[in-house]
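> Structure for this input, please:
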Amino acid sequence: MSALSSVDRSPEVTLRFLAAPTDIILAGSHGVGGGRVLEWIDKAAYACAVGWSGAYCVTAYVGHIHFTRPIPSGHMVEVRSRIAMTGRSSMHIINEVLSADPREGVFTRACDCLVIFVAKDPATGKAMEVPKFVPRNEEEERVYAAAESRIELRKAIEVEMEKQTYNGPSDAPRLITRFLAKPTDVNWGGKVHGGTAMEWIDEAATACTMEFSGEHTVAVYAGGIRFYRPIQIGDLIEVDARMMRADARSMQMSVHVRAGAPTGGRGALEEAIHATITYVGVDIDGQPLPAREYIPRTEEDQRLAGHAAVLRELRAKYHPLPLISRTNPMEID
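This next block holds a predicted model:
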């Protein structure tokens, strides 16, 4: 059998476990934080990608992340990952996170998103070919078409993001954290796990939006998280969360993760990940609150506010097909 044959390779993986009290990082929170949910997704998608490709894989992109409700501690969690389409070395994987009170067993969706992994040759570190995924039924054909419809949008967003700079004078709400990457942060390939990095991103952005709004905040949507380079054990990590805009309902954040040798100081840090995430404030019952007004005043802050608006317009313009059917037969309830 050819090394690239898809025979006997499953395009699906499901993880099931209980949400623990340690998965909730904020006192008074109504559920597990968005960063921890993204960590679960990345692990399930990684297992799916490795199982399909038979090779070590790295996270290249996470996008169209919809957080629809919090997951309480003690709930049974199910993370479902399945191949939507493949390129030469890439695997587009759709993911659903559902949870249920184990006493009732009725699962409802809490989050869904797209993750793209790339297979790597362990000897050279270069991208390697993966088995081609061929849809087997009508639902898989629908999902394949939906994943394909997002390629053009993703390219347009990347072009827009490349135009932006983030180093000019700024009065925007901002939070920068620095720390060293620990051995417990790495995956099986010796690099920092993509899910761990996404948890760093959410923690910094949540802290920034909470400081600005004076309220508990939760992530509701992330348009894209792009991975540019791997992060090693012992790297100095800088997570830079900065507000781009806030309207009457939400706060849109830009988060950069930079990494490098700590001996080189901050000047040695290179861009590793860039994310844009939207947050809302919530009251004691978890209901949305109006967002505090943020008025960009410096030239760069005003330009970034315009950039955030362009990103929204692009998503409205391209009208990609929905990856997740809201009447998906995979869902239990």
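> What segments of the protein are strands?
12-18, 56-67, 76-86, 90-100, 108-120, 174-180, 216-227, 236-246, 251-260, 270-282, 288-289 (DSSP state E).
> Let me have these in JSON lines, extended by mean pLDDT and distance to R150.
Yep, even glycine has a C-beta here, placed from its N, CA and C like the rest. Below are the strands of the chain laid out as JSON lines (pLDDT from 0 to 100; distance: least, C-beta to C-beta, whole Å):
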{"stretch": "strand 12-18", "mean pLDDT": "96", "distance to R150": "20"}
{"stretch": "strand 56-67", "mean pLDDT": "91", "distance to R150": "7"}
{"stretch": "strand 76-86", "mean pLDDT": "97", "distance to R150": "10"}
{"stretch": "strand 90-100", "mean pLDDT": "96", "distance to R150": "8"}
{"stretch": "strand 108-120", "mean pLDDT": "94", "distance to R150": "7"}
{"stretch": "strand 174-180", "mean pLDDT": "96", "distance to R150": "30"}
{"stretch": "strand 216-227", "mean pLDDT": "89", "distance to R150": "10"}
{"stretch": "strand 236-246", "mean pLDDT": "95", "distance to R150": "22"}
{"stretch": "strand 251-260", "mean pLDDT": "95", "distance to R150": "20"}
{"stretch": "strand 270-282", "mean pLDDT": "94", "distance to R150": "16"}
{"stretch": "strand 288-289", "mean pLDDT": "91", "distance to R150": "27"}
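> I'd like to know which of those strands is closest to L26.
With C-beta to C-beta, the closest approach to L26 among the strands of the chain belongs to strand 216-227: 6.9 Å.
> The closest one to strand 270-282, inter-axis angle?
Here strand 216-227 runs at an angle of 150 degrees relative to strand 270-282 (axes from the mean of the first three to the mean of the last three C-alpha atoms, to 10 degrees).
> Pairing partners for strand 216-227, with directions?
Sheet pairing of strand 216-227 (DSSP bridges) gives strand 56-67 (antiparallel), strand 270-282 (antiparallel).
> quick one: the shortest one to chain centroid distance?
Between the mean C-alpha point of strand 56-67 and the mean C-alpha point of its chain there is a distance of 5 Å (C-alpha atoms, centre = their mean, to the nearest Å).
> Show me which positions of it end up buried.
Using 16 or more other C-beta atoms under 10 Å as the test for burial, strand 56-67 gives Y56, C57, V58, T59, A60, Y61, V62, G63, H64, I65, F67.
> Out of those, flag the one nearest to G34.
G34 lies nearest to F67 out of these, by C-beta to C-beta, at 5.6 Å.
> So what touches stretch 106-114?
Outside stretch 106-114, the residues that touch it by C-beta atoms under 8 Å, 6 or more residues apart in numbering are 34, 37-38, 41, 61-71, 76, 78, 84, 92-100, 147, 150, 222, 323-324, 331-333.
> try 6 Å this time
When contacts are defined by C-beta atoms under 6 Å, 6 or more residues apart in numbering, stretch 106-114 is touched by residues 37, 63-67, 69, 71, 94-100, 323-324, 332-333.
> Got a quick PyMOL command for the buried subset of those?
Buried members of the contacts of stretch 106-114, identified by 16+ other C-beta under 10 Å, are gathered into one PyMOL selection as follows:
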select buried, resi 37+63+64+65+67+71+94+95+96+97+98+99+100+323+324
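> Nearest the geometric middle of this protein, what residue?
Most central in the chain under C-alpha atoms, centre = their mean is V62, positioned 4.4 Å from the mean C-alpha point.
> which non-adjacent residue is nearest that residue?
I225 (4.2 Å; C-beta to C-beta, 6 or more residues apart in numbering).
> is that neighbour in a bridge, and if so with what?
V62, A275.
> Number the residues from 30 up from this point.
Let's use 30 as the start, then, which means that last one is I254.
> Can you report how many residues lie near it?
When neighbours are counted by other C-beta atoms under 10 Å, I254 registers 26.
> Count residues in the vicinity of V286, would you?
Around V286 there are 26 other residues, counting by other C-beta under 10 Å.
> and the gap between the spatially closest residue to it that is not a sequence neighbour and R138?
Once flanking residues are discounted, V286 sits nearest to I302: 4.0 Å by C-beta to C-beta, 6+ apart. Note on I302: its distance to R138, by C-beta to C-beta, to the nearest Å, is 26 Å.
> same check, this time on G116
In terms of C-beta to C-beta, G116 sits 27 Å off from R138.
> More neighbours: which of those two?
Neighbour count, other C-beta under 10 Å: between G116 and R138, R138 has more, with 21 against 15.
> so what's that one bridging to?
L127.
> Check the gap between it and I100 for me.
As for R138, its distance to I100 is 11 Å (criterion: C-beta to C-beta).
> One more: Y195?
With C-beta to C-beta as the criterion, Y195 and I100 are 32 Å apart.
> V247 too?
To I100, V247 is 11 Å away according to C-beta to C-beta.
> R109 too?
Distance from R109 to I100, counting by C-beta to C-beta: 14 Å.
> swap in G263?
Between G263 and I100 the computed distance is 33 Å (C-beta to C-beta).
> So which residues make contact with stretch 145-156?
With contacts defined as C-beta under 6 Å, 6+ apart, stretch 145-156 is touched by 78, 82, 84-87, 89-90, 118-121, 157, 159.
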